[in-house]
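Student: pasting the sequence and the predicted model now:
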Amino acid sequence: MSTTAEPGLRERKKAATRQALHESAVRLATAHGLDRITVEAIADEAGVSRRTFSNYFGSKEEALMYGDFQRVRALIESVRARPAGEAPWTALTAAAAEFNRELGDLDPEMVARGRLVRSHPTLIAAQVQTFAGVERELAAEIATRLDEADPRGVRARMTAATFLVALRVSLNMWLDAPAGTSLWEIAEEALANAGRGFA
């Protein structure tokens, strides 16, 4: 095997381990509740050591929120793929719509995880931290699309933060909505309202 192939294989193995830990955390927390599971239990479920867990996640909350992190990163990639001349909020909304179409109907596990997050302050904090962690990256993409001076980056950061908050609020509203309610209908309305100051 060539040396250039080894890093790719190593990264794939790391990604697989991280994903296995995340899925184990979700299964256990959904079945038993967050307070009744431990890092050791998650590691055992994934077939790795406690030390290996610590190489990937700092806490069980972080392991649980990894799926949200993946989705937000995928959304940022969708924004990057939009035409370069598109206005920031237009690009954000179009990327969110496209991402929603690709995501399709939310599976029961994702719905259960969303409800689990809302019932635990530590998970709410972890969710906010997850979104804040990618805010700067999203703001950098937005900055390339601004047609006005933004020397401190205030407008770009405010735009990114508002967009992410609108998505988070939409999900929480959808979890309270009657069965059959479309998540995107709520998100579309939220984004339209939030974007008035950024159009």
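Tutor: That came through, no problem. Residues are numbered from 1 along each chain as shown.

Student: for the rest of this, base every contact and every neighbour count on C-alpha atoms.
Tutor: Noted.

Student: show me where the protein has strands.
Tutor: Under the criterion DSSP state E, the chain carries no strands.

Student: where in it is pLDDT low?
Tutor: 1-7, 104-110, 112-113, 199 (pLDDT under 70).

Student: break the protein into its domains for me.
Tutor: Domain segmentation of the chain under automatic domain parsing yields 5-59, 65-197.

Student: tabulate the ones you listed (JSON lines), appending mean neighbour count.
Tutor: As requested, the domains of the chain are exported to JSON lines (neighbours: other Cα atoms under 10 Å):
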{"stretch": "domain 5-59", "mean neighbour count": "16"}
{"stretch": "domain 65-197", "mean neighbour count": "16"}
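
Student: now residue 38: how far from residue 20?
Tutor: With distances taken as Cα to Cα, to the nearest Å, residue 38 is found 16 Å from residue 20.

Student: nope, residue 152 is what I meant
Tutor: For residue 152 relative to residue 20 (Cα to Cα), the value is 40 Å.

Student: could you do residue 93 as well?
Tutor: 32 Å.

Student: next one: residue 31
Tutor: Residue 31 is 16 Å from residue 20, by Cα to Cα.

Student: then residue 143?
Tutor: For residue 143, the distance to residue 20 - Cα to Cα - is 35 Å.
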